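Trainee: sequence below, structure please.
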Amino acid sequence: QVQLVESGGGLVQAGGSLRLACSASRSIFFFNDMGWYRQAPGLQRELVATITKRGLTNYADSVKGRFTISRDNAENQLYLQMKSLKPEDTAVYYCTGTDSSRRDYWGQGTQVTVSS
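Mentor: The predicted model follows:
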């Protein structure tokens, strides 16, 4: 069974930076697309960023210019570099991957809290 495990969340002041990592239990070439979603209390889960197997990226408007998604195929890792963090970025961040059968896999989430 494929597992995704996020790490790197925590508490940071507004304007600070964090880097989230997602470790896969198998080669991330297994996934066509990978991405990060987030869910704040009382809100729906929303897309943050995605990256294809070829490295094409897509970002939510709210994080463009501040967040960078990347994947290290050799290390089976997905990353989300977050800069200039804002209190509204506070959420649980989830790693996700979609395989060739369009099946989605999700991690358990990591909490990011940005204080003002």
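
Trainee: mind telling me what element the residue most central in space within the chain is part of?
Mentor: Residue closest to the average C-alpha location in the chain (C-alpha atoms, centre = their mean): Trp36, at 2.8 Å. Here Trp36 is covered by strand 31-39, with elements defined by DSSP states H and E.

Trainee: rounded mean pLDDT for that strand, please.
Mentor: Mean pLDDT, strand 31-39: 96.

Trainee: can you give me the strands for the protein?
Mentor: 4-7, 10-13, 18-24, 31-39, 46-52, 57-59, 67-72, 77-82, 91-99, 104-106, 110-115 (DSSP state E).

Trainee: tell me, how many neighbours does the residue nearest to Ser84 when sequence neighbours are not counted end up with?
Mentor: Computed as C-beta to C-beta, 6 or more residues apart in numbering, the closest residue to Ser84 that is not its neighbour in sequence is Arg66, at 4.7 Å. From N, CA and C alone the C-beta is placed, and that goes for glycine too. When neighbours are counted by other C-beta atoms under 10 Å, Arg66 registers 15.

Trainee: how about the contacts made by Arg66?
Mentor: Counting by C-beta atoms under 8 Å, 6 or more residues apart in numbering, Arg66 touches 82-85.

Trainee: quick check: the farthest pair among the residues you listed?
Mentor: For these, the maximum inter-member distance is 8.2 Å, found between Met82 and Ser84 (C-beta to C-beta).

Trainee: neighbour-wise, which of those two wins?
Mentor: Between Met82 and Ser84, counted using other C-beta under 10 Å, the more crowded position is Met82 (26 against 13).

Trainee: surely the more buried one meets Ala21?
Mentor: No - applying C-beta atoms under 8 Å, one finds Met82 not in contact with Ala21, separated by 11.7 Å.
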